[in-house]
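J.: I need the structure of the sequence given here:
(2 chains)
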Amino acid sequence: MTDTSIAASPTEITTPVHPVPPEQPGETEPELRIRHRAVTLDGLCALLGSVIAAFGLTWLVYERIFPTSGALGFWVVAFLVFLLFYAAVAALVWGPRGVADRLAGAVMAFVGLFIVFVVVDQVAYTVYRGHAALGHLNFFTQNAVNATELTGLDQGGVWHAVVGSLEQMGIATAIAVPLGVLAALFLVEVGGAMARPVRSLIEAMTSLPEIIAGLFIYAVILLNIGLHQSGLAAGLALTIMMIPFVARSSEVMLKLVPNTLREASYALGASQWRTVWTVVLPTARSGLTTAVVLGMARAIGETAPVLLTSGFTAYMNTNPTSGWQTSLPLYIYETVKEPANIDHERAFGAAVVLMVLVLVLFTLARVLGGKAPGELTRRQRRRVARDRLAYETTTRNPGRSAAAQEGEANESA
Amino acid sequence: MADTTPTELLGLAGPGGPTDPPAGPEQAPGPDDVPRVISVRQTAADRAFRAVLRGGGLAVFGITGLIGAFLIAKAWSTYSRVGWSFLTAFNWRVGSARFGIGSVLPNGILIAVIALVIAVPCAVVAALFISEYAPVALRRPLISLIDLMAAIPSIVYALWGVFFLQPEVIGLARWLSVHVGPVFPPFKVIGPGTEIIFTASPFLAGLVVSLMVIPIVTSICREVFSQAPQGEREAAYALGASRWAMIRTVVLPYGRGGMIGAIMLGFGRAMGETIVVSLIISPLYSVNWHVLHTGGMSIPGLIALYYNESTPEMISALMAAGLVLFAFTLAVNAAAGVIISRARSGAQTAD
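T.: Residues are numbered from 1 along each chain as shown, chains lettered A, B, ... in the order given. Predicted coordinates for the structure are as follows:
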């Protein structure tokens, strides 16, 4: 294949390219539409052929001829051989310039699949190791006092840790959400010279090391004020982690509110706080909910801030203001350090519970959010339609007879 | 009938119905028709509202300042006792109250660098895959998956790393040390190559941390890549570029600033990772740059390990170490923010 043919239809040659006579370009043939994402038969065959050839050759050479073995090595070698085959096929079919394109596509698809695989593997392995503990109902209803390495899985549970996690997350949400949304509103609605440094600081604090939040609360509450470790201290430490997260994602959501809505509100004579309260915040409600719920999902999974501030206990403690209070991540952290295998199973069981909580919050965020600002829910749309119908039948055509309206309704039905 | 229903009121109250009298006839523009300067008179309520919002913004400053202030106050006794040698000394002796992070800081940076070396290529390629190569129908699920990966608690990563990954990686680590070690000194191990020597290594910690860095870098890079201007993409195609050539000449140069910023954010995250490091690695107080060899430490791991020890000198030393970490990551993250907002791609996304 010559270079000129490549240049004629560069990315995806869907048909065999003939050297087109350059005299009459558009006359004899209709223009070929260039499609970058098309799946073609020869593309598919090249891919499948390379995969099969790579596996066959790798199996023969790696397992049979050379004295090598091992799953990881096999996969690495197979992938490299596949790349070689694919490059060779690409060079034969699409010419030298197709090689880099095809290889890049193959590598990227592979990495994408690999990341999917890692996430799935993580979840599956945790569930696999934890399913023994999850099979006992007492795991969800008892505290961990009886759960030693000498007792079986039918004694003790993580209910106290679930309660602790939820309470600490609740405290963090109650403080961090108003503060975070206020900071976001400041960035979007007030702005000015102060906005830039505040924004940079929020961004920098978003990836503040988790342990620093714990250390700060430890310094303030335990060393300075002299209180003991408690659920409240843990909740405050989580608050420090949550504020920048909520502020940053709320800012993104508030920015999506169209300026025309604000201008319309001002033009009707509304003041700024009224505009924010009745126009901006309701418009961004869906996005703000997503931001808050994702912040909660993040707070419930944090270990390091809780590690220093909450104290570890096997007993149930529903009062966050006094006494130690265990949360799920802390329970996992402390339990998995025990040498007994049964404790590892309990830790994995608790990890599954924690992941389910995170997943529920995450799904909630997707269900509640994911709508563009101003996009109405189905119920809101129905209400608008109803109101419009009522408006049209009563005021718009007051002179029209009821019979005419009836006829119209029949027609539309 | 219809006249008496309450909906009439609703309809009449509706803004700007078609029955409203039209606005007055258009005035012909006079010679002095200049746009009127609209001055907004702020009411007291508005001023109070803006003050509250300002307070919210400043609270972020306040919190950051308080964190720094408290850490400094608590760390002061350590700094005044050991001085600058806190940054260079290798020992962590509780009895004689001699503390230094001379080995912990480099070991922590080493783990973060290992994590970045693994994570950045994966993350950039994954971001390109999602924004350029993946079928449109797959794009949203993949983005959700990356978000989910970021939301998985770090303790789950740690469990997975210790129980699943560690046994798998030992074989790879031994292979690397035997075959690559003679050429590349960091892969050498000291002593006989027994299995135990390859466990709890900086490499393993870095590997697990890299999985936590990947979603951060991926989501920022994807956002930046997807904003590469359509006109330039089409121009590249029109000049005969293949898809990969288009990415190389348009998308990657456009996203360079955003990529660098994302990498720095990932570095800050990797430096601050606590649970994975403290569960995986076995503590060691000398610089270990043999990445496959067991032993290492990082500042967050150090704090998690020792916060329960109750000598006041030790707590102060931990605060001092935390302050170093705080200043370090804040500086890295702030620099990342500046780079992102200065870059061509970042300037358009920031405001």
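
J.: Leaving out chain neighbours, which residue sits closest to A:L357?
T.: For A:L357, ignoring the flanking residues on the chain, the nearest one in space by C-beta to C-beta, 6 or more residues apart in numbering or on different chains is A:I300 at 5.8 Å. Every residue, glycine included, has its C-beta placed from N, CA and C.

J.: can you count the residues close to that neighbour?
T.: By other C-beta atoms under 10 Å in any protein chain shown, the residues close to A:I300 number 25.

J.: mind checking the SS state of A:G156?
T.: Here A:G156 is coil, with the state taken from DSSP: H, G, I helix; E, B strand; the rest coil.

J.: Secondary structure element for the residue nearest to A:L357, which one?
T.: Assigned by DSSP states H and E, A:I300 belongs to helix A:285-301.

J.: Now for B:I143: which residues touch it?
T.: Taking C-beta atoms under 8 Å, 6 or more residues apart in numbering or on different chains, we find B:I143 in contact with B:130, B:219, B:222.

J.: From B:I299, how far off is the residue positioned nearest the centre of chain B?
T.: The centroid of chain B falls nearest to B:L265 when counting by C-alpha atoms, centre = their mean (3.8 Å). Using C-beta to C-beta, to the nearest Å, one obtains 18 Å as the distance from B:L265 to B:I299.

J.: Let me see the ranges of the helices in the stretch 51-200 of chain B.
T.: For the stretch 51-200 of chain B, applying DSSP state H, counting those that start in this stretch gives helices covering B:85-88, B:104-128, B:136-151, B:154-159, B:166-179.

J.: Next: the stretch 151-300 of chain A.
T.: Under DSSP H, counting those that start in this stretch, the stretch 151-300 of chain A gives helices at A:159-185, A:195-206, A:210-217, A:231-255, A:259-267, A:272-275, A:281-283, A:285-301.

J.: Which residues are in contact with the residue nearest the centre of chain A?
T.: Of all residues in chain A, the one closest to the mean position by C-alpha atoms, centre = their mean is A:F362, 7.1 Å from it. Taking C-beta under 8 Å, 6+ apart, we find A:F362 in contact with A:293-294, A:297, B:147-148, B:151.

J.: can you check A:A351 too?
T.: Counting by C-beta under 8 Å, 6+ apart, A:A351 touches A:126, A:130, A:332, B:153, B:155-156, B:159.

J.: So what's the predicted local confidence for it?
T.: Looking at A:A351, its pLDDT stands at 93.

J.: Likewise for B:Q348?
T.: The model reports B:Q348 with a pLDDT of 50.

J.: Can I get the buried part of the contacts of A:A351 as one PyMOL selection?
T.: Burial among the contacts of A:A351 is assessed by 16 or more other C-beta atoms under 10 Å in any protein chain shown; the matching PyMOL selection reads:
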select buried, (chain A and resi 126+130+332) or (chain B and resi 153+155+156+159)
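
J.: Of the contacts of A:A351, which is the nearest to A:W277?
T.: Ranked by distance to A:W277 (C-beta to C-beta), the contacts of A:A351 are led by B:P153 at 35.7 Å.

J.: Return the residues in contact with the closest residue to that closest one other than its chain neighbours.
T.: Among residues not flanking B:P153 along the chain, A:G301 sits closest, at 2.9 Å (C-beta to C-beta, 6+ apart). For A:G301, the residues meeting the contact criterion (C-beta under 8 Å, 6+ apart) are A:329, A:354, A:358, B:151-156.

J.: any low-confidence regions in chain B?
T.: Low-confidence segments of chain B, defined by pLDDT under 70: B:1-31, B:40, B:94-95, B:192-193, B:310, B:344-351.

J.: Lowest-scoring secondary structure element of chain A by mean pLDDT?
T.: The weakest-scoring helix or strand in chain A, judged by mean pLDDT, DSSP states H and E, is helix A:3-8 (a mean of 38).

J.: Determine which two of the contacts of A:F362 are furthest apart.
T.: The largest distance within the contacts of A:F362, taken as C-beta to C-beta, falls between A:V293 and B:L148 and amounts to 13.4 Å.

J.: Next, the angle from the host helix or strand of A:F348 to helix B:136-151.
T.: Assigned by DSSP H and E, A:F348 belongs to helix A:341-368. On the basis of axes from the mean of the first three to the mean of the last three C-alpha atoms, to 10 degrees, helix A:341-368 is oriented at 130 degrees to helix B:136-151.

J.: Distance from helix A:341-368 to the middle of the chain?
T.: 15 Å (C-alpha atoms, centre = their mean, to the nearest Å).

J.: Could you point out the helix or strand that follows that helix?
T.: Downstream of helix A:341-368, the first helix or strand assigned by DSSP H and E is helix A:378-391.

J.: name the helices or strands packed onto that following helix?
T.: helix B:7-13 (3 or more C-beta pairs under 8 Å, 6 or more residues apart in numbering or on different chains; DSSP states H and E).

J.: can you pull the contacts of whichever residue of the stretch 101-250 of chain B sits closest to chain A?
T.: Closest contact between the stretch 101-250 of chain B and chain A, by C-beta to the nearest C-beta, is at B:P153 (2.9 Å). By C-beta under 8 Å, 6+ apart, the contact set of B:P153 is A:300-303, A:329, A:351, A:354-355, A:358.

J.: Now it, what are its backbone angles?
T.: phi -60, psi 150 (degrees, to the nearest 10).

J.: wait, what's in contact with A:A147?
T.: With contact taken as C-beta under 8 Å, 6+ apart, A:A147 is in contact with A:155-157, A:314, A:343, A:346.

J.: Drop anything exposed from the contacts of A:F362.
T.: Buried members of these, scored by 16+ other C-beta under 10 Å, are A:293-294, A:297, B:147-148, B:151.

J.: Distance to A:A109 added to those, as JSON lines?
T.: JSON lines is the format used below for those (distance: C-beta to C-beta, whole Å):
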{"residue": "A:V293", "distance to A:A109": "32"}
{"residue": "A:L294", "distance to A:A109": "28"}
{"residue": "A:A297", "distance to A:A109": "29"}
{"residue": "B:D147", "distance to A:A109": "20"}
{"residue": "B:L148", "distance to A:A109": "20"}
{"residue": "B:A151", "distance to A:A109": "24"}
